[in-house]
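Novice: Below: sequence and its predicted model.
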Amino acid sequence: MKALLIEDTLTSATLVSHQLRKMGIEPILARDGERGIELFKAERPDLILLDIIMPGMDGFEVARRIRQLEQAGEWTPIIFLTARTSDADLEKGISVGGDDYLIKPVSETVLAAKVKAMQRIAQMRYSLLVLTRKLDDANQELTRLSSLDGLTGISNRRQFDEILLREWRRSGRQAKPLSILLCDVDHFKQFNDGYGHQVGDECLKAVARTLQSALRRPADLVARYGGEEFAAILPDTDLPGALRVAEVMRSAVEALRITHRFTPYGVVTVSIGVASMTPPRGEADSACLLKRADDALYGAKQSGRNRISATPIESVA
């Protein structure tokens, strides 16, 4: 443990330094306020013993500046050393950031008691900070988990809705295109019924990984939309670009070669509806974009599945 002793009187500084060493505390001595502040920044002591009456900058101003230098969450105990005993001095010392008072000449017994009290407070404060950080970490993990689909591990519908709203507003402000893909695993009910739900779950996991691997940009998002449906958000992407991504997804799922005897293709495939538009300014609802993607998905299914379909309109006035 290190203690910064800011004391201009040599006799008092020598006495307190000796008492600190007897307690196993290393004293760091400064003879004026400016030097004390420099040593605080350099040494980051565990405790500060601060004389009030000093030439130039007094102890009150030193304490105030030290509190300003501390980072968020930091706290260094400050004990004033003074011959003053008035209530006004005590009140001022506490108001500028002091924690306790010691009357000169300093009693070794009282100093030891004060230091132990500050150590206990510092330890309790440290324990509270550790607990707070653990709770923050736990809350962050809960927030992360609440945005993920429990089965596939990719983003869930809640996360999709939040990101879509954010990207819709951003695209509207910047007058840039936003594309949506809605993807459905073809004849999945028959797959589930024929092979069992456990195999069906493994199929959905594989499809989710494949769809996610088709995305190359950090801003792109794929999510489980519900059941056997998946959805992707492609910011700053026009219709031709979205169609290319959709075809990569479609062909990659087909290339998995997951056996599906209840479909004409013999393997698991997906149908994808694509919609792209530049959100009009002032339009707060992205339902029109989702509706276009859903209509396109319906068209892909009606056309025989294992294909992509798109809405032709990319923007509205």
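Specialist: Done, it's in.

Novice: pretty sure residue 271 is touching residue 301, no?
Specialist: Yes - contact between residue 271 and residue 301 holds when scored by Cβ atoms under 8 Å: they sit 5.2 Å apart. Every residue, glycine included, has its C-beta placed from N, CA and C.

Novice: So for the two, which sits in the more crowded spot?
Specialist: residue 271 (25 against 17; other Cβ atoms under 10 Å).

Novice: where does the stretch 151-300 of the chain dip in pLDDT?
Specialist: 282, 284 (pLDDT under 70).

Novice: for it, what spans make up the helices?
Specialist: Ranges of helices within the stretch 151-300 of the chain are 157-174, 188-195, 197-213, 239-255, 287-302, based on DSSP state H, counting those that start in this stretch.

Novice: follow-up on the earlier one: where do the contact lists of residue 271 and residue 301 overlap?
Specialist: Listed as contacting both residue 271 and residue 301 by Cβ atoms under 8 Å, 6 or more residues apart in numbering are 184, 186.

Novice: Tabulate the helices of the stretch 151-300 of the chain in TSV, adding columns for distance to residue 89.
Specialist: Below are the helices of the stretch 151-300 of the chain laid out as TSV (distance: least, Cβ to Cβ, whole Å):
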stretch	distance to residue 89
helix 157-174	55
helix 188-195	79
helix 197-213	66
helix 239-255	72
helix 287-302	68
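
Novice: ok, residue 285 - contacts?
Specialist: Neighbouring residues of residue 285 by Cβ under 8 Å, 6+ apart: there are none.

Novice: mind saving the C-alpha coords of stretch 53-61 as CSV?
Specialist: Extracted in CSV, the C-alpha atoms of stretch 53-61 (Å, rounded to 0.1, in the frame of the first residue of the first chain):
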residue,chain,number,x,y,z
ILE,A,53,-2.2,25.2,5.2
MET,A,54,0.5,25.2,2.5
PRO,A,55,2.2,28.0,0.5
GLY,A,56,0.6,28.6,-2.8
MET,A,57,-2.1,26.1,-3.4
ASP,A,58,-3.9,25.1,-0.1
GLY,A,59,-5.1,21.6,0.7
PHE,A,60,-8.7,22.3,-0.2
GLU,A,61,-7.8,23.2,-3.8
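
Novice: And it, what's buried?
Specialist: Buried positions in stretch 53-61, judged by neighbour count with 16 or more other Cβ atoms under 10 Å: 54, 57, 59, 60.

Novice: Show me the strands in the stretch 51-200 of the chain, by range?
Specialist: In the stretch 51-200 of the chain, the strands defined using DSSP state E, counting those that start in this stretch lie at 78-82, 100-103, 178-185.

Novice: Go through these and pick out the most buried.
Specialist: strand 178-185 (a mean of 26; mean count of other Cβ atoms under 10 Å).

Novice: strand partners of that one, parallel vs antiparallel please.
Specialist: Counting by DSSP bridges, the strands paired with strand 178-185 are strand 229-235 (antiparallel), strand 270-277 (antiparallel).

Novice: follow-up on the earlier one: how about CSV for the buried residues of stretch 53-61, with pLDDT and distance to residue 133 added?
Specialist: Below are the buried residues of stretch 53-61 laid out as CSV (pLDDT from 0 to 100; distance: Cβ to Cβ, whole Å):
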residue, pLDDT, distance to residue 133
54, 89, 37
57, 92, 35
59, 92, 33
60, 93, 33
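
Novice: which ones among the residues you listed are found in helices?
Specialist: 59, 60 (DSSP state H).

Novice: quick one: contacts for residue 156?
Specialist: By Cβ under 8 Å, 6+ apart, residue 156 lies in contact with 147, 148, 149, 150, 223, 224.

Novice: how about the residues you listed, which pair is most distant?
Specialist: Longest distance between any two of those is 12.8 Å, between 150 and 223; criterion Cβ to Cβ.

Novice: So for the two, which residue has more residues nearby?
Specialist: Remark: of residue 150 and residue 223, residue 223 carries more neighbours, 27 against 8, as counted by other Cβ under 10 Å.

Novice: Residue 153 is in contact with the more buried one, correct?
Specialist: No - the criterion here is Cβ under 8 Å, and residue 223 misses it with residue 153 at 11.1 Å.

Novice: Can you tell me the centre-most residue of this structure?
Specialist: With distances taken as Cα atoms, centre = their mean, the chain has residue 140 as the residue nearest its mean C-alpha position (6.5 Å).

Novice: Near residue 197, how many other residues are there?
Specialist: Around residue 197 there are 9 other residues, counting by other Cβ under 10 Å.

Novice: just residue 224 next, same as before
Specialist: Neighbour tally, residue 224, other Cβ under 10 Å: 25.
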